[in-house]
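Trainee: based on what follows, work out the 3D shape:
(one chain, ligands or ions: 1)
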Amino acid sequence: MLRKIEHIGIAVEDFESTAKLFEDLLGSPAYKTEIVESEGVETMFFAIGESKIELLRATDESSSIAKYLEKNKGGIHHIAFDVEDIDKEIARLKEKNFELIHQSPKEGADNKIIAFLHPKSTARVLVELCQEKKD
Ligand code: ZN
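Mentor: Model prediction:
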C-alpha cells in the first residue's frame, strides 16, 4: 500500500531565487540540502506537516532534471509516496502492469530508498516510491 504523500518534487532553475520564495510561502526554512550524485541533482527539503516539498536543481547538464527544466522551465516534477516495503510494492505494481524506471530500489535523498514509475503508465505523472532506510 502507498501510505501517504511523502513529498512533492518541484524542479527549479536555481536555489538562490527559489529557496527564499518557498521559505516565505511555507513559513519555515529548508531543513536540509543534499546532492544525489547518481541523479545529477541537488535537493532542498522543506517540512510541511507530515509531508515535504523537495526542490530539485540540476548539477549535471545530462540529468533528467536538466532535460525537464529545458522543456518545462520548472514546476511540479513528481509525487512521492511513502511505502513500508518497497520491494513488495514494486512487485505488486509490476503485477498490475505499471512500468518501473528502476527495476530495483536505489539510494535516494533524505535517508530513503526509492524507485520511480514510468509516467507513461501513470497518467503522465512521475511517481516515486520511497521507503525510510532502516539501519
Ligand atoms: Zn523525490
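
Trainee: could you tell me the end-to-end distance of stretch 101-114?
Mentor: Stretch 101-114 has an end-to-end distance of 11 Å (C-alpha to C-alpha, to the nearest Å).

Trainee: which parts of that stretch are buried?
Mentor: By 16 or more other C-beta atoms under 10 Å, the buried positions in stretch 101-114 come out as His102, Pro105, Lys106, Gly108, Ala109, Asp110, Lys112, Ile113, Ile114. Placement of C-beta: from N, CA and C, glycine included.

Trainee: residues contacting the first one?
Mentor: For His102, the set of contacting residues under the criterion of C-beta atoms under 8 Å, 6 or more residues apart in numbering consists of Ile114, Ala115, Phe116.

Trainee: quick revisit: export the buried residues of stretch 101-114 to TSV and tack on secondary structure and distance to the ion?
Mentor: Shown next, in TSV, are the buried residues of stretch 101-114 (DSSP: H, G, I helix; E, B strand; the rest coil; distance: C-beta to the ion, whole Å):
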residue	secondary structure	distance to the ion
His102	coil	12
Pro105	coil	13
Lys106	strand	12
Gly108	coil	7
Ala109	coil	7
Asp110	coil	8
Lys112	strand	8
Ile113	strand	12
Ile114	strand	7
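
Trainee: any chance of a markdown table for the residues you listed, columns pLDDT?
Mentor: Shown next, in a markdown table, are these (pLDDT from 0 to 100):
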| residue | pLDDT |
| --- | --- |
| His102 | 90 |
| Pro105 | 95 |
| Lys106 | 93 |
| Gly108 | 92 |
| Ala109 | 91 |
| Asp110 | 91 |
| Lys112 | 95 |
| Ile113 | 96 |
| Ile114 | 96 |
